[in-house]
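Enquirer: need a structure here:
(one chain, ligands or ions: 2)
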Amino acid sequence: MKKILLSVAMMMATISLHATDANYQVVPLPQSITAEKGAAFVLDGSTVINVAGTDEAMLRNAEFLKQYIQEATGIVPGGMSKKGATITLKLNTKLENEEGYVITVKAKNITVEGKTPRGVFYGIQTLRKSLPLEKAESVTFPAARIVDYPRFGYRGTMLDCARHYFKMSFIKEFIDMLALHNVNTFHWHLTEDQGWRPQIDRYPKLTEIGSKRAQTVIGRMTNLYDETPYGGYYTKDEMREVVKYAADRYITVIPEIDMPGHMLGALAAYPELGCTGGPYKVAETWGVFPDILCAGNPKTYEFVNNVLDEIIEIFPSKYIHLGGDEAPRVRWKNCPRCQAEIKRLGLKSSNGFPAEAQLQAHFMNQAAKHLAEKGRNIIGWDEILEGDVDKGTTVMSWRGVAGGAEAAKRGLDAIMTPTTYYYLDFYQKPDNSMILIGNMLPVEKTYSYNPVPDDAAPELKKHVKGVQANLWTEYVIGRDLAFFQLLPRVAAMAETGWTENAKKDFDSFKERESRLNQLYKHFGWKTCQEMYKEKK
Ligand code: ACM
Ligand code: ZN
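Expert: Ligands and ions are numbered 1, 2, ... in the order given. The predicted structure is shown next:
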C-alpha cells in the first residue's frame, strides 16, 4: 500500500510539472538577439552540459550553469542519459571582446562561445536569466543567435563596509548579485573615520582599536547616541576568501584604503600619524572630520606604504583605490611639519587651489609611486584633481560628471559614479518612515544616465572606462535594507555599463526587470518595488 501511495504521489508530482519557454529578454539587454529558423531546443533532465577542453575555469562555468538551471527549474541536467541534447561551452579566440560571447540555439545543441571563460560566464548568465522561475519538466529555447559584448570594460559597485560592517555571508550574496548583472568590479570601501576594517599584521591596533567605536549617533545627526559599542573587521583569510569567491565569478575586488582623510579609525590607533598627535577617537557621528593624516611626517608615508604592501598581498587587482576625498586641509595649514614639507618641496598654490592641495597630490603620488613599483595603479575620488596627480591615476568622478571631463582632458582615465545617478544611499521614493541620508534617486533617473553621449569630446570617449554605483552605509544597516537600496538600481547601472545606449529603453527595462524581480524574491532580497506601481 505504501508503495502504491508513493508511486501515485510521484505520478502527481510529474503531472504537475510542465513544459515552459525560455525568454532571452534579460537584464542587461544583449546587443543582438536574432530569431533563427528551425526547431527549438528542449532542456530537460537528459540534457548534457559539455565543456570543450579541460580548462578549470570552463569546468567551473559548467557547474555554475548546472546549479542555475536546477535553482530556477528543478531540472538536473546530465542526470539521466546520453541521448539528450547538449549545451556546449567553448572558447573561440576569433571573438573580439574579452568579455563577449555568442549563444547559438539549435534543436540539438546550444553553444555558448566566448573569447575567454569570462565571456562564456556572461553567456551563461544570459541563459540563466532566460529561464522561467518555476519547477518544470522541460524548458523550450526558441532557435536563436545572441551576439553580445559589454559597452564598457569597467562595471562596478562600491559597498561601504566601514560605516557599517557587513558579514561575510552578505558579502558573498552581494557578489552573487553583481555576477547576476554582469558587473565585474566590487569596490570594497574598507576604512573610515567610523571604523578600520582590514586586518594589517604590522599595525595590530588598527583592528584592536581602530575597528571599534564606543557608540553611534541615532538617526540623522541627532545629539542622541545608542550607547552601544560597534565594531567588526575582516581577517586576511576572510579577505582572501572574498577575493577568491569574486574571482570565481569573474569579479575583481578593488580595495579602498581612503587617505589622507577619513582616517580617524587609524588615527585613534596610531595618534602619532596625525598633525596634532591626538588623542583621537573613532568617530561616532557621520560627516567629514578635520583630523587627517599628517603629510609632513615621514612616519605617515612609511605607514601608508607598509599598509599597502599588506593590502596588495591580499588583493591582486591592478587598481588600488586610495580615496583622496573630503580631506579638509585645516590641520595642514597649522601644522609646522606639513608647512615645512610644502616649503621643502617648493609647492605653490595652483589650479585655483592652495599649496596644501599640491601637498595632497604629492602625498597621493608618493603612494602611487610605491604601488607602481609593484605593478599597481591607483584610483582616487575626483578631489585628487585639485593637485597635479601623476599619469596612470584613474579618477572616480562622484561630485557630478565634471571630474570625469577634467580627468579626460588631462589624459587620465575616469570612472563615472556621479551622485546624481549612482548614489544608492539616496531615497528611491518619498518615504517618511525611513531615515536615509537624503536626496531622491528613483531608478528611472539611474537608468537615464549616458556617460558618453555620441557627441562627447574625443578624449571623453577615450578615457571613460565605465560606470559604478555606490552604496554608502551611514544609514544602511544589514542585509534587507542593503538589498532594498541596491536593487533595482544596480540593474539600471549595469544595463548602462553593458548595453549600447541606442538600445536602452526604460519601459523595456522595466518589463525585463520584472522577470528578474522574481529571482530576487526567490533569493529573499527585499528590493524596492516602486517601479512596478501604477503611476497616478
Ligand atoms: C564620496 O562620496 N565621499 C566619495
Ligand atoms: Zn601635519
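Enquirer: Is residue 300 within a helix or a strand, and which one?
Expert: Here residue 300 sits within helix 298-314, counting by DSSP states H and E.
Enquirer: now what about the helix or strand following that helix, what contacts it?
Expert: Beyond helix 298-314 in the direction of the C-terminus, DSSP H and E gives the next helix or strand as strand 319-323. The contact list for strand 319-323, computed with C-beta atoms under 8 Å, 6 or more residues apart in numbering, reads 187, 189, 191, 254-259, 261-262, 308, 311-312, 364, 367-368, 371, 376-381, 394, 396. Using the backbone N, CA and C atoms, a C-beta is placed for each residue, glycine as well.
Enquirer: Name only those of these that count as buried.
Expert: Buried subset of these (neighbour count, 16 or more other C-beta atoms under 10 Å): 187, 189, 191, 254-259, 261-262, 308, 311-312, 364, 367-368, 371, 376-381, 394, 396.
Enquirer: Can you verify residue 27 is assigned to a strand?
Expert: No: remark: residue 27 does not belong to a strand; assigned using DSSP: H, G, I helix; E, B strand; the rest coil, it is coil.
Enquirer: burial of it, as a residue count?
Expert: For residue 27, the count of nearby residues is 26 (other C-beta atoms under 10 Å).
Enquirer: Enumerate every residue touching it.
Expert: Residue 27 neighbours (C-beta under 8 Å, 6+ apart): 129, 181, 491, 494-495, 509, 512-513, 516.
Enquirer: Out of the buried ones among the contacts of strand 319-323, which are close to ligand 2?
Expert: Restricting the buried ones among the contacts of strand 319-323 to those within reach of ligand 2 (C-beta under 5 Å from the ion) leaves nothing.
Enquirer: Show only the entries of those residues found in helices.
Expert: Among the buried ones among the contacts of strand 319-323, DSSP state H puts 308, 311-312, 364, 367-368, 371 in helices.
Enquirer: now those as a markdown table including pLDDT?
Expert: Listed next are those as a markdown table, based on pLDDT from 0 to 100:
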| residue | pLDDT |
| --- | --- |
| 308 | 99 |
| 311 | 99 |
| 312 | 98 |
| 364 | 97 |
| 367 | 98 |
| 368 | 98 |
| 371 | 98 |
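Enquirer: Alongside ligand 1, which residues does the chain contribute?
Expert: Selection of the chain residues close to ligand 1 by C-beta under 6 Å from any ligand atom yields 325-326, 381, 398.
Enquirer: okay, which residue is most central for this protein?
Expert: residue 157 (2.5 Å; C-alpha atoms, centre = their mean).
Enquirer: helix, strand or coil for that residue?
Expert: Three-state call for residue 157 (three-state DSSP): strand.
Enquirer: Go ahead and confirm it touches residue 180.
Expert: No: applying C-beta atoms under 8 Å, one finds residue 157 not in contact with residue 180, separated by 11.7 Å.
Enquirer: Mind jotting down where the strands sit in the stretch 51-200 of the chain?
Expert: Assigned by DSSP state E, counting those that start in this stretch, the strands in the stretch 51-200 of the chain fall at 86-91, 101-105, 109-114, 138-141, 144-148, 154-160, 185-189, 191-192, 195-196.
Enquirer: Out of these, which is closest to residue 43?
Expert: strand 138-141 (4.6 Å; C-beta to C-beta).
Enquirer: Strand partners (parallel or antiparallel) of the closest one?
Expert: Using DSSP bridges, the strands paired with strand 138-141 are strand 19-21 (parallel), strand 41-43 (antiparallel).
Enquirer: now what about it, what contacts it?
Expert: Contacts with strand 138-141, where a contact means C-beta under 8 Å, 6+ apart, come from 19-22, 40-44, 73, 75, 105, 110, 130-132.
Enquirer: Run through the neighbouring helices and strands of the helix holding residue 300.
Expert: Judged by 3 or more C-beta pairs under 8 Å, 6 or more residues apart in numbering; DSSP states H and E, helix 298-314 is in contact with helix 236-248, strand 252-259, strand 319-323, helix 355-372.
Enquirer: Turn these into JSON lines, columns for distance to residue 49.
Expert: Shown next, in JSON lines, are those (distance: least, C-beta to C-beta, whole Å):
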{"stretch": "helix 236-248", "distance to residue 49": "17"}
{"stretch": "strand 252-259", "distance to residue 49": "27"}
{"stretch": "strand 319-323", "distance to residue 49": "34"}
{"stretch": "helix 355-372", "distance to residue 49": "41"}
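Enquirer: among the ones you listed, which is nearest residue 527?
Expert: Proximity to residue 527 (C-beta to C-beta) singles out helix 236-248 among the helices and strands packed on helix 298-314, at 21.4 Å.
Enquirer: Count residues in the vicinity of residue 331, would you?
Expert: Counted with other C-beta under 10 Å, residues neighbouring residue 331 total 21.
Enquirer: show me what contacts residue 368?
Expert: By C-beta under 8 Å, 6+ apart, the contact set of residue 368 is 322, 377-378, 389-390, 392-393.
Enquirer: Which residues of the protein lie near ligand 2?
Expert: Checking the chain against ligand 2 by C-beta under 5 Å from the ion, the hits are 275, 294, 296, 335, 337-338.
Enquirer: just the buried members of these?
Expert: Taking 16+ other C-beta under 10 Å as the criterion, what is buried in the residues of the chain next to ligand 2 is 275, 294, 296, 335, 338.
Enquirer: Can you give me the end-to-end span of stretch 328-341?
Expert: With C-alpha to C-alpha, to the nearest Å as the measure, the ends of stretch 328-341 fall 17 Å from one another.
Enquirer: Give the rounded mean pLDDT of it.
Expert: In this model, stretch 328-341 has a mean pLDDT of 98.
Enquirer: Just the buried positions in that stretch, please.
Expert: Neighbour-count burial for stretch 328-341, counted by 16+ other C-beta under 10 Å, picks out 329, 331-332, 335, 338-339, 341.
Enquirer: for stretch 32-40, same thing?
Expert: Going by neighbour count (16+ other C-beta under 10 Å), the buried part of stretch 32-40 is 33, 40.
Enquirer: what's that stretch in contact with?
Expert: 24-25, 105-107, 140-148.
Enquirer: again, only this time at 6 Å
Expert: Applying C-beta atoms under 6 Å, 6 or more residues apart in numbering, the external contacts of stretch 32-40 come out as 24, 107, 140-147.
Enquirer: Can you say which of those are buried?
Expert: For the contacts of stretch 32-40, buried by 16+ other C-beta under 10 Å: 24, 141-144, 146.
Enquirer: Closest one to residue 57 out of these, please.
Expert: Distances from residue 57 to those, taken by C-beta to C-beta, are shortest for residue 146, at 21.0 Å.
Enquirer: And residue 70, how far from residue 372?
Expert: According to C-beta to C-beta, to the nearest Å, residue 70 and residue 372 sit 46 Å apart.
Enquirer: What distance separates the opening and closing residues of stretch 284-291?
Expert: End-to-end for stretch 284-291, by C-alpha to C-alpha: 14 Å.
Enquirer: Could you do stretch 316-330 as well?
Expert: 35 Å.
Enquirer: hang on, the earlier thing: restricted to strands, list the contacts of residue 368.
Expert: Cross-referencing the contacts of residue 368 against strands under DSSP state E gives 322, 377-378.
Enquirer: Relative to ligand 1, which of the residues you listed is nearest.
Expert: Of all the ones in strands among the contacts of residue 368, residue 322 has the smallest distance to ligand 1: 12.0 Å, by C-beta to the nearest ligand atom.
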